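# Quick one: sequence plus predicted model below, questions after.
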Amino acid sequence: MAQEVRGVIAPGKDEPVRIETIVVPDPGPGEAVVKVQACGVCHTDLHYKQGGISDDYPFLLGHEAAGVVESVGAGVTDVAPGDFVVLNWRAVCGTCRACLRGRPWYCFDTHNAEQKMTLASTGQELSPALGIGAFAEKTLVAAGQCTKVDPSVSPQVAGLLGCGVMAGIGAAINTGNVGRGDSVAVIGCGGVGDAAIAGSHLAGAAKVIAVDIDDRKLETARSMGATHTVNSRETDPVEAVRELTGGFGADVVIEAVGRPETYRQAFYARDLAGTVVLVGVPTPEMKLELPLLDVFGRGGSLKSSWYGDCLPSRDFPMLVDLHLQGRLPLDKFVTETIGLDEVEQAFDRMHAGDVLRSVVVL
Ligand code: APR
Ligand code: ZN
Ligand code: ZN
């Protein structure tokens with residue numbers, strides 16, 4: 001039996017979000033209905049609302065979520081009703097070329113639920129943000145989007161792994177392959193950069209240099225594991241990173257802003273043969289010009305990191321366990337918990353740079 005629940009909708013370009021009654025169908029083959037317990041507010045939700053991602057309104061927003069599986073459709077064996085799960089927006093197929101080559105984080109055939117959730121009032125089909133749509137009491141997803149984790153973790157903490165925090169931690173531990181004794185610089189210390197700092201600390205980096213233009217952000221970065229901070233409004237960050245690394249530059253530099261000037265800083269702040277990881281998302285018109293001789297002469301590698309190159313089934317349970325053991329301060333990313341009716345205000349606070357994460361708790 002389809003059910004009616006409350007959800008947060010972006011009705012049209014730049015229109016304020018509002019709560020509507022939505023219809024969630026019973027799970028079909030390979031699908032699951034999840035009772036959402038917590039869902040973080042991410043920049044991507046704001047981009048959906050503003051029209052930066054697609055014009056497929058109305059959107060059902062929310063995609064950094066954790067909850068309990070309520071029911072599953074035919075053929076679902078990995079999760080069962082009652083399981084506590086974190087949702088992911090990249091359920092990999094297991095059979096495409098990337099998956100078969102052991103690089104499922106580049107899967108060409110990720111999937112979402114096939115059935116549609118609809119607006120109760122008009123019957124209109126909803127587009128769930130990143131195939132999830134979890135600012136809702138319940139949501140329909142592909143079963144592969146559900147990853148079981150230790151249920152003793154709080155839902156508001158677990159849900160963070162579904163997007164931005166995983167992107168940052170994964171940029172360090174997966175893409176950057178930060179190891180014991182490495183020096184790391186992280187440019188941009190918002191939620192994603194702070195997660196990269198926490199990930200670098202976790203991986204055993206000897207130096208973690210936080211770079212930002214805002215002293216408040218640098219203070220938080222220290223609490224996440226940064227050993228040094230540089231305000232790049234006052235100090236040239238390339239010089240500062242070199243000085244802090246014996247004149248060499250960092251082994252790994254993680255760019256978590258997504259702008260040409262900060263990418264340029266990242267490029268020059270790394271050691272010869274060091275790695276630059278781009279996790280900040282640029283806009284289509286951004287361009288960067290670099291002397292090719294510098295690319296050649298510096299060696300090393302330039303990488304981008306999508307979703308922290310994560311594999312949810314491998315990374316989510318591990319990171320939850322490390323958090324429960326007191327080795328990863330995921331709780332520090334939750335600035336505030338809010339209700340479903342406060343998403344619009346949470347966008348304002350996010351825009352003002354006041355929060356790492358506002359998390360809707362249901
Ligand atoms: N130099 C250094 N830091 C900067 C600069 C700059 N020129 N410009 C902005 N910053 C800092 C801000 O002060 C802020 O602390 O970058 C940080 C950006 O943080 P948020 O806006 O909170 O963004 P976040 O959620 O961390 O995401 C960062 O990663 O995944 C992507 O789409 C995401 O592109 C975005 C980036
Ligand atoms: Zn695949
Ligand atoms: Zn997100």
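Nice, I can see it. Ligands and ions are numbered 1, 2, ... in the order given.

# Now for the closest residue to ligand 2 within the stretch 101-250 of the chain: which residues touch it?
Nearest residue of the stretch 101-250 of the chain to ligand 2: C107, at 3.2 Å (CB to the ion). All C-beta atoms are positioned from the backbone trio N, CA, C, and that covers glycine. For C107, the contacting residues are R90, V92, C93, C96, A98, C99, by CB atoms under 8 Å, 6 or more residues apart in numbering.

# mind redoing it with 6 Å?
V92, C93, C96, A98, C99 (CB atoms under 6 Å, 6 or more residues apart in numbering).

# can you list those in TSV and add secondary structure?
Below are the contacts of C107 laid out as TSV (DSSP: H, G, I helix; E, B strand; the rest coil):
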residue	secondary structure
V92	coil
C93	coil
C96	coil
A98	helix
C99	helix
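
# Go through those residues and name the one nearest ligand 1.
Distance to ligand 1, by CB to the nearest ligand atom, is smallest for V92 among the contacts of C107, at 20.0 Å.

# Could I get the pLDDT score of the residue in the stretch 101-250 of the chain that ligand 3 sits nearest to?
The nearest approach of the stretch 101-250 of the chain to ligand 3 comes at C163, 3.1 Å away (CB to the ion). pLDDT, C163: 96.

# tell me how far the worst-scoring helix or strand of the chain on mean pLDDT is from the chain's mean position?
Every helix and strand in the chain was compared by mean pLDDT, DSSP states H and E; the lowest is helix 292-298, with a mean of 91. From the chain centre to the centre of helix 292-298 is a distance of 32 Å (CA atoms, centre = their mean, to the nearest Å).

# follow-up on the earlier one: list the contacts of the residue of the stretch 101-250 of the chain closest to ligand 3.
C42, H63, E64.

# So for those, which is the shakiest by pLDDT?
Ranked by pLDDT, the contacts of C163 bottom out at C42, which has 95.

# who's in contact with it?
E64, C163, G164 are the contacts of C42 under CB under 6 Å, 6+ apart.

# how close does it get to A32?
22 Å (CB to CB, to the nearest Å).

# Next: D354.
Where A32 is concerned, D354 sits at a distance of 35 Å (CB to CB).

# Compare neighbour counts for those two and give me the winner.
A32 (27 against 13; other CB atoms under 10 Å).

# Remind me which helix or strand the more buried one belongs to.
strand 31-40 (DSSP states H and E).

# what's the residue of the stretch 251-362 of the chain found nearest ligand 3 in contact with, if anything?
For the stretch 251-362 of the chain, the residue closest to ligand 3 is Y307, as judged by CB to the ion, at 9.0 Å. Each residue near Y307 by CB under 6 Å, 6+ apart is listed here: R90, A167.

# Once you drop chain neighbours, what's closest to G28?
Excluding the flanking residues, the one nearest G28 by CB to CB, 6 or more residues apart in numbering is G73, at 4.8 Å.

# quick one: the nearest residue in space to R242 that is not next to it in sequence from E243, how far?
Among residues not flanking R242 along the chain, G249 sits closest, at 5.5 Å (CB to CB, 6+ apart). Per CB to CB, G249 is found 10 Å from E243.

# Looking at the two, which has the bigger crowd around it?
For G249 versus E243, neighbours defined as other CB under 10 Å are more numerous around G249 (22 against 13).

# what's around the residue nearest to L202 when sequence neighbours are not counted, how many residues?
Nearest residue to L202, sequence neighbours excluded (CB to CB, 6+ apart): L328, at 5.7 Å. Using other CB under 10 Å, L328 is surrounded by 24 other residues.
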